[in-house]
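Undergrad: I'd like to go over a predicted model; first the sequence, then the structure.
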Amino acid sequence: MIKKESIDNLKNHLDVVDVVSQFLELKKSGANFKACCPFHGEDTPSFVVSPAKQIYHCFGCGVGGDAIKFVMEYEKLSYPETLEKLASMYNVQLEYDNVKQKKQDVRVLEDVNRFYQKLFINNKTAKEYIKSRGISEFFIEKFEIGYAPKSNDTINFLKANHYNLNEAIDLGVIDTGTNGLYSRFIERITFPIYAINGRIVGFGGRTITGHNAKYVNSPQTKLFNKSRLLYGYHLAKENIYKKNRLIVCEGYLDVIMLHQAGFNTAVATLGTALTKDHLPLIRRGEPKVILAYDGDKAGLAAAFKASVMLSQSEFEGGVVIFGEGKDPADMVKDAKIEELDKMFNTPQDFISYSIDYIVSKYDINNASQKQKALIEANDYLKSLGILYQDEYKRYIAQKLNIRENLVKVSTDISRPIQVDLSKVNIQELCIIKAILEKPERLDTVLDLVDSSMFEIHKNEFELLLSDINNISLNSIVLNEKLEDYNDERLEKELLILLYKFYTKKLNELKYDKTLSLREKGSLLRKTQDALRQLKQGRLVTYDL
């Protein structure tokens, strides 16, 4: 069992916006953040995250909770597994009641990385290759470039340092096959890969012995998911925020050389295309995104897929394509820094690049091919915002040399869901929200208000009284359409609520034939007295 004090310490290190943004693409919305809910399909964002309340809530499907609950639900983990994952993400040490029950010892990755770095220093072939690519000693050390030896050398290192081999397998350092244990990285230059929090989670490796697989990465583990990681991001992130620019490359060496040349916002995907899982990480700081891809067939196709995805998600930025068999690393080595700077400052925007790529697939001198190009370009255009559609229909028409009216834009503008006002009382909800925002107000309100005064939201008020922290109430706290009352405004609204209640009560009493004359007279006097005080602006204690 993980100790309660240890869990409380972890919670103090968690920020719900930071946690959720590592899984979802959040956009600022007033005091909160919004996203499309990951737990049910939707096109219009109804998933709200509150930094003030440290909670999330979906107005579509009703899910909600804190940072820990989100990771549990999103990753489908048990509570202890979630705590251990978050502790690893935020570099927090957990303590256990049962000392025999230890969390995964991720120090093995750190020590193996140091082991590989030492071996690199003494490996002439590895050093000559890296230096032939133009990487300086300083950046060899900064990016912690290493060298993985023969398989048995890594296994013997783990055994000599008394590491649990099962944990090393779980973390992707070694694995087991038909011939027993073997290292994941054999005779390769290694590039340690870090998560956003600066903790090592895996490796990339480049062969220097002519292996068929030029590059390999760590396998998927609880810490390593290549679709959510970007090489070099932990070193680039501060500069990304400052410069409002992020350069996405295709390789480790491109990143290192660009940093060496001063382009210190460069990162790279890990042998995979840019995916939607990368978007939350890329969105952090709202930078302009520059795709710096090779001009070969694979690079052009990867740039197209990424451009479509980024334009549909309304990212700013564009594409830079490197032709003539060159890549960013080569240009840095050739001292073409000014040329690189100009390329990064004048990228082709995502939408025009995507349209160009679509048109390039067809022979537009052929009417049938031109028609297919128009259909595909039109389908892409309709996936964008209305303003972009209007702007780029001219571009498509020019590229295809056709009349602009042949390019169709979407007229299907989604309308916001209309709230059934007959089932909502804004005043009641605002009063409940005011108490949820400042629970210390509850003692004062309880002296004045009874749940029967709430005509529409009696159940919500009673839930507030019985369980103020119930996640069902998050929909009220995070509803941006509800005003945030200060104490003075709350008092005014309570006066209105009470006056309405006592007026209604007075009318009911006048026609009530179930009460005795004495009971009826007493209640009438109390009600009339309450109304007099309320007219004078004084709140009255509930006593009926």
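TA: Ah, there it is.
Undergrad: Run through the stretch 401-544 of the chain and note the low-pLDDT ranges.
TA: Where the stretch 401-544 of the chain drops to pLDDT under 70, the residues are 410-423.
Undergrad: For it, just list every one of the helices.
TA: 426-437, 442-448, 458-466, 474-477, 487-510, 517-535 (DSSP state H, counting those that start in this stretch).
Undergrad: Would you indicate which residues of the first one are buried?
TA: Applying a neighbour-count criterion of 16 or more other Cβ atoms under 10 Å, the buried positions in helix 426-437 are 427-437. Every C-beta, even on glycine, is put in place using the N, C-alpha and C of the backbone.
Undergrad: what do you get for the longest one?
TA: By neighbour count on 16+ other Cβ under 10 Å, the buried set for helix 487-510 is 490, 493-495, 497-499, 501-502, 505, 509.
Undergrad: How far off centre is that helix?
TA: 45 Å (Cα atoms, centre = their mean, to the nearest Å).
Undergrad: Can I get the buried residues of helix 487-510 in TSV including distance to residue 529?
TA: Formatted as TSV, the buried residues of helix 487-510 follow (distance: Cβ to Cβ, whole Å):
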residue	distance to residue 529
490	23
493	22
494	17
495	15
497	18
498	13
499	13
501	14
502	10
505	12
509	13
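Undergrad: Name the SS class of residue 175, please.
TA: strand (DSSP: H, G, I helix; E, B strand; the rest coil).
Undergrad: ok, back up a step: between the helices of the stretch 401-544 of the chain, which one is nearest to residue 293?
TA: Evaluated with Cβ to Cβ, the helices of the stretch 401-544 of the chain place helix 474-477 nearest to residue 293, the distance being 42.3 Å.
Undergrad: Name the residues that touch the host helix or strand of residue 307?
TA: Per DSSP states H and E: residue 307 is located in helix 297-312. Helix 297-312 has contacts (Cβ atoms under 8 Å, 6 or more residues apart in numbering) with 248, 250, 273-276, 279, 289, 291, 293, 317, 319, 321-322, 350-351, 353-354, 357-358, 380, 383-384, 388.
Undergrad: Could you do stretch 207-222 as well?
TA: Against stretch 207-222 from outside (Cβ under 8 Å, 6+ apart): 81, 85, 88, 104, 125-126, 129, 170-173, 175, 184-185, 187-189, 193, 201-206, 224, 226, 251-252, 270-271.
Undergrad: so how many other residues sit close to residue 247?
TA: 30 (other Cβ atoms under 10 Å).
Undergrad: residues in contact with it?
TA: Contact analysis of residue 247 by Cβ under 8 Å, 6+ apart lists 258, 263, 265-267, 290, 292, 344.
Undergrad: Could you give the number of residues near residue 532?
TA: Residue 532: 12 neighbours (other Cβ under 10 Å).
Undergrad: contacting residues for residue 231?
TA: 191, 193, 204, 252, 255, 267-270.
Undergrad: got the end-to-end distance for stretch 535-544?
TA: End-to-end distance for stretch 535-544: 19 Å, by Cα to Cα, to the nearest Å.
Undergrad: Quick one: list the elements packing against whichever strand or helix holds residue 397.
TA: Under the criterion of DSSP H and E, residue 397 resides in helix 386-400. Counting by 3 or more Cβ pairs under 8 Å, 6 or more residues apart in numbering; DSSP states H and E, the packing neighbours recorded for helix 386-400 are helix 350-360, helix 367-382.
Undergrad: how about it: buried residues?
TA: By 16+ other Cβ under 10 Å, the buried positions in helix 386-400 come out as 388-389, 392-393, 395-397, 399-400.
Undergrad: Mind putting those into CSV with pLDDT and distance to residue 75?
TA: Shown next, in CSV, are those (pLDDT from 0 to 100; distance: Cβ to Cβ, whole Å):
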residue, pLDDT, distance to residue 75
388, 92, 34
389, 92, 37
392, 94, 38
393, 93, 42
395, 95, 42
396, 95, 41
397, 94, 46
399, 94, 44
400, 94, 46
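Undergrad: what about the strands in the stretch 101-250 of the chain?
TA: For the stretch 101-250 of the chain, the strands defined by DSSP state E, counting those that start in this stretch cover 146-148, 174-177, 180-183, 188-194, 200-207, 215-217, 245-249.
Undergrad: Including mean pLDDT and distance to residue 532, could these go into TSV?
TA: Listed next are those as TSV, based on pLDDT from 0 to 100; distance: least, Cβ to Cβ, whole Å:
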stretch	mean pLDDT	distance to residue 532
strand 146-148	97	83
strand 174-177	92	82
strand 180-183	94	86
strand 188-194	96	70
strand 200-207	94	70
strand 215-217	93	77
strand 245-249	97	66
